[in-house]
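# can you look at this prediction? I've put the sequence above it.
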Amino acid sequence: MASSTEAQIVKPHFPVNKLMLFFDTCFLLVAPIASFFIFRIKLMSLADLPDPSMHTTYIVDPRSIFTRYATLFEPTARLREGARVGFLVPARAMYLLFGALDGFIVLRYLLILIAIIPLYSLLSSIFNRPIAATGVLLILTNPVVITALGTDYPDGAVICYLVGATCLLALSLEKDHSIFFTVVAGLLLTLALWSHGGSTPYIFSALICYFVLLGNWRLIARTLAVLASSFLATTALLTVLSGVEIGQYDFILPTFESAKFLSTSAQESIWHTSTLGWLLGLPYLLVPVVVAVLSVLFLIRCSSLTKTQIYIFLVCFASTGIAFLLQFFGKFQALENHYFSSMLSAQTLVAITMIVGLFGIRLSAKSNYSWGIFLVVAIIAEVFSWGEFSPAISWWPLGACIGLACVIGASLSLFYFRNRLTILSILTAFLAVLMLLTTASTPNSISLSPLDPRAQYSSALGGSSYSSVSEYIVTSELSHFVGKPSYKGEILLMWFQWSEVPYLLEPIGIYHAGFNSLPQSPPFLSQADMNMISERKAAQILILGKSGDSFGGAMRSLSRYMPKLVSAKIWLFAPIRGSFMRLSVLEALGSSHLGREDRVL
């Protein structure tokens, strides 16, 4: 008989039959759609930085960006977004097949399937189907996942790839080192790597922990060969598809060049902070810490853990540890920006589902009792969807006390308590507190950098998508409104009221935001504006704003360049009542300095 002081791991037996396979398939295909309506999941997230739409431009009109700005962008690695082909290639394919908005939705549906299918398979093989369904629900209703998938920044894709790959590697341990699972895991890890370099620490964690548990040098050598083959094949396919869809075959060199540029001391001083002040104001980063601590306790305390469970907890602890080490002892902003820290949630979430599975086994080995946990998760998500719970919580002292209570409560339930009602109550509190920490706000006494805004996780469930969808429609149409460049290096600059930047973050991101914007607001043209037009040899100016009040004066200020109005349009979408005007100044600056061979045919 197992000791009462350790979690008892019992693997229920479920015969595989076609009827259950049919029900499993239906559940996995319908769950994302049903969850979207039941829990009022936010389809899109409002932009807090122009970075997401810097990726949108490579989805809707990539060749125009390369044609206009390749020479201008290369010295400062500003083409790095176009090299994130693990996300851009499938996103561009969905755009070409379904259009901007429908393509956005279809891609997110496919990405979430990449995450939940391996997760469901893993949990059902270790525990039972109700626990597997609960794990799927935890992924679908997690505010970090919802927010990350709500923009065109690649972090949402990275999360789904990492969840899928981690579960597949765990399944290969469960299924006698299946080559199939290893190959597909290698494919997903490659996609994560070429989606965003910030995924590298988590890929490293997944692979190192996997090799440690393999133990056998022959198995390690075989697995390395399989993973290397999968990496090379996937990279080769992405090379071809990137060239065909996006117009750039070589995405590897730009990726390394951007990493080299961003690692310079000047760039690090802008983007990276090793002090603790900002950390105290981000309570959602307590979640991976709590789960990592629990993972260590389970690894030490539960001698009956299977190799698969050991792998999941090891990966969670390793990825969290590496992220904090890189942030505070390295020079990589792994945590301070939510577009980066969100990637840590992938392996944290898989570990949370494993903890929930252990709770389920403590409640009962019978699957009927495990549906109670599914109901608990559903109720918590529904409650958070009908109210925006966002209390101000700092790491110290309140956050630390909450995190310690979570660790103690979960440990007591899994190691000592026997009463089912007590265990279920503690699990409910544990999951509710993790959700509350995720959606909590930053205290007013703690200031965050404008370059690293706090993620609005509190509105992921039950929040309105109308404004963000409207902005996305405007943003995705903007490049078509402007039109394609007529020759290589036809520079377009933007001119807008800088006070309206919060309303224009997504549209201006299409042409790289402030880097391609005149420094002063219209309607008066300053000396700095004229210097920029001259230095860049600008051929076009796009004037945009919430209204067109300043456009007449702007036209008069540009009279020295003999501007020609090419096109104008007004979009009436909340929160933007936007006027976008494209002006051509080719007559003033001319294109006579360009040879015929430079023109785009």
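Received the coordinates, thanks.
# can we go C-alpha only for contacts and neighbour counts from here?
Will do.
# distance between the ends of stretch 337-353?
25 Å (CA to CA, to the nearest Å).
# again with stretch 385-405
Stretch 385-405: ends 25 Å apart by CA to CA.
# pLDDT (mean, whole number) over that stretch?
Average pLDDT, stretch 385-405: 89.
# run the chain-centre distance for that stretch.
With CA atoms, centre = their mean, to the nearest Å as the basis, stretch 385-405 stands 23 Å off its chain's centre.
# burial of V244, as a residue count?
Residues lying near V244 (other CA atoms under 10 Å) number 12.
# just want the most central residue of the protein.
The residue lying closest to the centre of the chain (CA atoms, centre = their mean) is D155, at 2.0 Å.
# what helices or strands is the helix or strand harbouring L412 leaning on?
Assessed by DSSP states H and E, L412 sits inside helix 400-415. Applying 3 or more CA pairs under 8 Å, 6 or more residues apart in numbering; DSSP states H and E, one finds that helix 400-415 makes contact with helix 286-301, helix 345-363, helix 420-439.
# now do the shortest one, average pLDDT.
Along helix 286-301, the predicted confidence averages to a pLDDT of 95.
# kindly report the same for stretch 496-511.
90.
# all numbers from here: first residue = 21
All set: I'll call the first residue 21, so the last point we hit is now stretch 516-531.
# how far does stretch 267-276 stretch from start to finish?
Using CA to CA, the end-to-end distance of stretch 267-276 comes out at 19 Å.
# return the set of buried residues in that stretch.
G267, Q268, Y269, F271, P274, T275 (16 or more other CA atoms under 10 Å).
# try stretch 94-112
For stretch 94-112, by 16+ other CA under 10 Å, it's 97-112.
# for the stretch 371-520 of the chain, which spans come out with low pLDDT?
385-388, 470 (pLDDT under 70).
# do that again at 80, thanks
384-389, 407-408, 464-472 (pLDDT under 80).
# repeat for the stretch 171-320 of the chain
195-197, 289-290, 294-296.
# could you pull out the helices for it?
175-194, 199-213, 220-234, 237-261, 272-282, 285-291, 306-321 (DSSP state H, counting those that start in this stretch).
# okay, those helices in CSV with distance to F450 next?
As requested, these are exported to CSV (distance: least, CA to CA, whole Å):
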stretch, distance to F450
helix 175-194, 22
helix 199-213, 30
helix 220-234, 25
helix 237-261, 37
helix 272-282, 39
helix 285-291, 34
helix 306-321, 10
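# host element of the closest residue to W391 other than its chain neighbours?
In space, and not counting its chain neighbours, W391 is closest to P150: 5.4 Å by CA to CA, 6 or more residues apart in numbering. Taking DSSP H and E as the definition, P150 sits inside helix 149-160.
# also M550?
Going by DSSP H and E, M550 is in helix 547-556.
# state the mean pLDDT of that helix.
Rounded mean pLDDT across helix 547-556 is 93.
# distance from the chain centre to it, please.
36 Å.
# likewise for stretch 492-506?
Remark: stretch 492-506 is offset 24 Å from the chain centroid, using CA atoms, centre = their mean.
# in it, which residues are buried?
Buried-residue list, stretch 492-506, by 16+ other CA under 10 Å: Y492, V494, T495, S496, L498, S499, V502, K504, P505.
# what packs against the strand or helix carrying the fourth one?
Okay, so that is S496. Element membership for S496, per DSSP H and E: helix 486-502. Here helix 486-502 touches helix 71-80, helix 120-146, helix 521-529, strand 584-593, going by 3+ CA pairs under 8 Å, 6+ apart.
# about what we covered before: deepest in the core, which of the helices of the stretch 171-320 of the chain is it.
helix 175-194 (a mean of 27; mean count of other CA atoms under 10 Å).
# pull the number of nearby residues for F57.
F57, neighbours per other CA under 10 Å, totals 11.
# quick one: pLDDT of I596?
We have a pLDDT of 48 for I596.
# ok, F379 touching L434?
Yes - counting by CA atoms under 8 Å, F379 does reach L434; the two are 6.5 Å apart.
# just to revisit the earlier point, what separates the helix holding S496 from the chain centre, distance-wise?
Put simply, helix 486-502 sits 20 Å off its chain's centre (CA atoms, centre = their mean).
# repeat that for stretch 161-176.
Remark: stretch 161-176 is offset 5 Å from the chain centroid, using CA atoms, centre = their mean.
# contact partners of it?
By CA atoms under 8 Å, 6 or more residues apart in numbering, the surrounding residues in contact with stretch 161-176 are 55, 59, 61-67, 71-73, 75-76, 104, 107, 128, 159-160, 177, 179, 215-216, 359-360, 362-363, 365, 401, 455, 458-459, 476-478, 480-481.
# put the buried members of those into a PyMOL selection.
Here is the PyMOL command that picks out the buried ones among these, judged by 16+ other CA under 10 Å:
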select buried, resi 55+59+61+62+63+64+65+66+67+71+72+73+75+76+104+107+128+159+160+177+179+215+216+359+360+362+363+365+401+455+458+459+476+477+478+480+481
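# ends of stretch 520-537, how far apart?
End-to-end distance (CA to CA), stretch 520-537: 13 Å.
# buried set for it?
Result for stretch 520-537 [16+ other CA under 10 Å]: buried residues 521, 523-534, 536-537.
# among the buried residues of stretch 94-112, which ones are in helices?
Per DSSP state H, helices hold the following members of the buried residues of stretch 94-112: V105, G106, F107, L108, V109, P110, A111, R112.
# can you redo those residues as TSV, where the extra columns are pLDDT and distance to R580?
Listed next are those as TSV, based on pLDDT from 0 to 100; distance: CA to CA, whole Å:
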residue	pLDDT	distance to R580
V105	97	42
G106	97	46
F107	98	44
L108	98	41
V109	98	43
P110	98	45
A111	98	42
R112	97	40
